[in-house]
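Q: All I have is the shape, not the residue letters:
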Ligand SMILES: N[C@@H](CCC(=O)N[C@@H](CS)C(=O)NCC(=O)O)C(=O)O
């Protein structure tokens, strides 16, 4: 086993974020996937019970923001968090916005849409016995409407949610008319966090084409390295 192991679901935007961080830093790593009912074991890996979890030379870390900061301390050569104070402030705010706002759009478009849900099940049940798929589907269908209801987005129709999301995408497109990346001319944790959320919408949702119809966003996503995993 490699000295760096990422415990993940391939379709998790936060796991996508950490794959991107590791690849940006040029670090070799292995992944352990928690597909199907193996998800029950994922919950035991850390106190929060969420993924990603990263094992780094025997040290176990959880939470993507914490992991990204840890990687920057250990491997400072290619910083995820820029040194320029303005760029640093923007990239940290974008990281937080991606995880606390954009994530719920991704969840809505994936978990409340029957076609996207089937695509997500293909990903999260790959390699597992077929019967596990119906159990996982039941859990997802129970858990996420409640979660989205509590967060607030669940109260809106899909048309309204897509409209709000596309306004955000348009705003990103406007920001990118003046710079190569969201906080300036270099890729930062802000770009990685935002693109990881958009990737997972593009992967399973029928809104993909409309997101990619924004030319600056499309070109920026390619500069960020496309979908990995
Ligand atoms: N703040 C955490 C969020 C991680 C997160 O919500 N992961 C989701 C997968 S996308 C998860 O583990 N969900 C399972 C659960 O909530 O039980 C991070 O940045 O790592």
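A: Great, that's in hand. All figures in this text were calculated on a predicted structure; none of them were measured in a lab.
Q: which residues touch residue 210?
A: Neighbouring residues of residue 210 by Cβ atoms under 8 Å, 6 or more residues apart in numbering: 162, 166, 169. No exception for glycine: its C-beta is placed from N, CA and C like everyone else's.
Q: Determine the three-state secondary structure at it.
A: helix (DSSP: H, G, I helix; E, B strand; the rest coil).
Q: what about it, distance to residue 170?
A: 10 Å (Cβ to Cβ, to the nearest Å).
Q: One more: residue 134?
A: Applying Cβ to Cβ, the value for residue 134 to residue 170 is 39 Å.
Q: Return the subset of the contacts of residue 210 lying in helices.
A: In helices, defined here by DSSP state H, the members of those are 162, 166, 169.
Q: about what we covered before: by neighbours, which of the contacts of residue 210 wins?
A: residue 169 (21 neighbours; other Cβ atoms under 10 Å).
Q: can I assume that one is in contact with residue 211?
A: Yes - counting by Cβ atoms under 8 Å, residue 169 does reach residue 211; the two are 5.4 Å apart.
Q: Identify the contacts common to those two.
A: Contacts common to residue 169 and residue 211, judged by Cβ under 8 Å, 6+ apart, are 198, 217.
Q: hmm, who's touching the strand or helix carrying residue 118?
A: Element membership of residue 118 [criterion: DSSP states H and E] is helix 114-124. For helix 114-124, contacts defined as Cβ under 8 Å, 6+ apart pick out 9-11, 35-36, 39, 109-111, 133, 136-137, 140-141, 203-206.
Q: Pull out the buried residues from these.
A: 9-11, 35-36, 39, 109-111, 133, 136-137, 140, 203-205 (16 or more other Cβ atoms under 10 Å).
Q: Next, count neighbours for the nearest residue to residue 14 once chain neighbours are set aside.
A: In space, and not counting its chain neighbours, residue 14 is closest to residue 64: 4.3 Å by Cβ to Cβ, 6 or more residues apart in numbering. Each residue near residue 64 was counted by other Cβ under 10 Å, and the total is 27.
Q: Model confidence for residue 64, exactly?
A: You'll see residue 64 listed with a pLDDT of 98.
Q: Distance check, it against the ligand.
A: 3 Å (Cβ to the nearest ligand atom, to the nearest Å).
Q: mind listing what that residue touches?
A: 14-15, 17-18, 52, 99, 193.
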